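Colleague: any chance you can model this:
(one chain, ligands or ions: 1)
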Amino acid sequence: MIFDRLPIPIVQAPLGGGPSTPALAAAVSGAGGLGFLAAGYRSPRVMAEEIATVRGLTGRPFGVNLFAPVPGPAGREAVERYAARLEPEARRMGVNLGEPRFDRDAFEEKIDRLLRDPVPLVSFTFGCPSAAIISSLREVGSETWATVTDVEEAELAEAAGASALVVQGLEAGGHRGFFVDGKGASDYSVLALVQLAGARVRIPLVAAGGISTGGAVAAVLAAGAAAAQLGTAFMRCPEAGTSEVHRAALASSRPTSLTRAFSGRSARGVVNRFMRDYDLDAPVAYPEVHHLTAPLRARGREEGDEDVVNLWAGQTHELARPLPAADLVRELARDARGALKVAGERLSRSHFR
Ligand SMILES: Cc1cc2nc3c(=O)[nH]c(=O)nc-3n(C[C@H](O)[C@H](O)[C@H](O)COP(=O)(O)O)c2cc1C
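Modeller: All right, here's what the predicted structure looks like:
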């Protein structure tokens, strides 16, 4: 398994929408961790180009992440009502709102390319692909990880044949990985989920959500995870494609919150005006709302107007540092070893053994 080939059990989370780059993935893999490309929102052609770029930069294993197709389309009326609500904002910014279309993010074409030109690892979020897709990836030599947010999803993904599970706690930045958004969606924190899933499934777990220090890496490994997956912690690295407004928000100590305002799917970001003004009106309608707000968000990034940008961030974003990714991986590993040593010493000093 890929875990046996990793000198350092630290995974750079796939970070769709810009922050993930081939340079970031290659730097993390080259340092002994596991880098990821985020192929969600990318065309199949760009995905293939990015894979080629990573291969040119490192011979170490890396992963490619895809969005599993979500149920839909959403009801037209709710989307139209939300579009009307956003219209004055678009006029103010001098842009047209995007076409709120439903699509499958070219999932089948991307799988097709990955079967023809396999990579060591493919991970999924927003759902678990069929057992047939997982087994065809296995046949070409690719491991598959599925992102889950509760025990029921963990059992479904194990039954479909996933090699490992990314257990994503609600501390995590960006979109929640649950299979179905809406009422009754899970809200487990990462440590709760590592323990609960660990008691119910046999495949390895990769812990994600709110992990930004070596001590937190140590905590999830001690709780039984095979590796820690960090997203926000890598977003201020020079190799990341994170926009300037986003970098500034990450460096602040402002609070984060979950919202559907930007994409129609629950995601965590630094709270800004757009979230405050529109969160309550946003329907469950992904990817329609993602396409609807895309021109607003792009204009906001261009003009440095953070009020309308989706500032995805995990709860511990203020601990993210602008270090080269390889240095960050090495530092996290060193601090994790130190934290485990201190914890071990505390336990062995106990008078109540
Ligand atoms: C900007 C951003 C983009 C993300 N894009 C993806 C993605 O494309 N695919 C995915 O599986 N997870 C994505 N995530 C979630 C991460 O994989 C991971 O679960 C999360 O970053 C972990 O929490 P942390 O940010 O607190 O470390 C994204 C997270 C952020 C912050």
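
Colleague: if you drop the residues flanking it in sequence, what lies closest to the residue of the stretch 51-200 of the chain found nearest the ligand?
Modeller: The minimum distance from the stretch 51-200 of the chain to the ligand, using CB to the nearest ligand atom, falls at Gly174 (2.4 Å). Quick note: C-beta positions are derived from backbone N, CA and C, even for glycine. Spatial nearest neighbour of Gly174, excluding adjacent residues (CB to CB, 6 or more residues apart in numbering): Trp312 at 4.3 Å.

Colleague: right, and the one you found touches Asn272 too?
Modeller: No. Trp312 is beyond contact range of Asn272, at 11.4 Å (criterion: CB atoms under 8 Å).

Colleague: between these two, tell me which one has more neighbours.
Modeller: Neighbour count, other CB atoms under 10 Å: between Trp312 and Asn272, Trp312 has more, with 29 against 22.

Colleague: for the more buried one, which residues are in contact?
Modeller: Going by CB atoms under 8 Å, 6 or more residues apart in numbering, Trp312 touches Gly17, Gly173, Gly174, His175, Thr232, His246, Ala267, Arg268, Gly269.

Colleague: among these, which lie within helices?
Modeller: His246 (DSSP state H).

Colleague: make CSV out of the contacts of Trp312 and add pLDDT and neighbour count.
Modeller: What follows is the contacts of Trp312, written out as CSV (pLDDT from 0 to 100; neighbours: other CB atoms under 10 Å):
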residue, pLDDT, neighbour count
Gly17, 96, 21
Gly173, 98, 29
Gly174, 98, 26
His175, 98, 28
Thr232, 99, 30
His246, 98, 25
Ala267, 98, 23
Arg268, 98, 25
Gly269, 98, 25
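
Colleague: out of the contacts of Trp312, what pair is the most spread apart?
Modeller: Farthest apart among those by CB to CB are His175 and His246. That separation is 15.4 Å.

Colleague: over to the residue nearest to Gly174: give its phi and psi.
Modeller: Main-chain dihedrals, Trp312, degrees, to the nearest 10: phi -50, psi 130.

Colleague: which residues does it form beta bridges with?
Modeller: Gly269 (DSSP bridges).

Colleague: count of residues packed around Tyr188?
Modeller: By other CB under 10 Å, neighbour count at Tyr188 equals 21.

Colleague: doesn't Arg176 make contact with it?
Modeller: No. Counting by CB under 8 Å, Tyr188 does not reach Arg176; the two are 10.7 Å apart.

Colleague: what do the two both touch?
Modeller: With CB under 8 Å, 6+ apart, Tyr188 and Arg176 have common neighbours Thr149, Leu170.

Colleague: ranges for the helices of the stretch 151-300 of the chain?
Modeller: 151-160, 190-200, 214-222, 244-251, 273-278, 288-303 (DSSP state H, counting those that start in this stretch).

Colleague: the second one packs against which elements?
Modeller: So that's helix 190-200. The helices and strands touching helix 190-200, judged by 3 or more CB pairs under 8 Å, 6 or more residues apart in numbering; DSSP states H and E, are helix 151-160, strand 164-168, strand 205-208, helix 214-222.

Colleague: in its sheet, which strands sit next to the shortest one, and in what direction?
Modeller: Okay, so that is strand 205-208. If you go by DSSP bridges, strand 205-208 pairs up with strand 164-168 (parallel), strand 227-230 (parallel).

Colleague: possible to save those strands as JSON lines with distance to the ligand, mean pLDDT and mean neighbour count?
Modeller: Listed next are the strands paired with strand 205-208 as JSON lines, based on distance: least, CB to the nearest ligand atom, whole Å; pLDDT from 0 to 100; neighbours: other CB atoms under 10 Å:
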{"stretch": "strand 164-168", "distance to the ligand": "5", "mean pLDDT": "98", "mean neighbour count": "28"}
{"stretch": "strand 227-230", "distance to the ligand": "5", "mean pLDDT": "99", "mean neighbour count": "28"}
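
Colleague: so which of those strands gets nearest Arg254?
Modeller: strand 227-230 (19.9 Å).

Colleague: what lies in contact with that closest one?
Modeller: With CB under 8 Å, 6+ apart, strand 227-230 has contacts from 3, 6, 9-13, 34, 166, 204, 206-208, 211-212, 216-217, 220-221, 332.

Colleague: flag every residue of the stretch 201-350 of the chain that's near the ligand.
Modeller: Ala208, Gly209, Gly210, Ile211, Gln229, Leu230, Gly231, Thr232, Ala233, Trp312, Ala313, Gly314 (CB under 6 Å from any ligand atom).

Colleague: so the second one makes contact with Val190?
Modeller: Spelled out, that is Gly209. Yes. When contacts are counted by CB under 8 Å, Gly209 is listed as touching Val190 (4.0 Å).

Colleague: between those two, which has more neighbouring residues?
Modeller: Just comparing Gly209 and Val190: by other CB under 10 Å the higher neighbour count belongs to Gly209, 33 against 27.

Colleague: okay, now the unreliable bits of the stretch 201-350 of the chain?
Modeller: Applying pLDDT under 70 to the stretch 201-350 of the chain picks out residues 350.

Colleague: 90 - rerun?
Modeller: For the stretch 201-350 of the chain, the stretches with pLDDT under 90 are 349-350.
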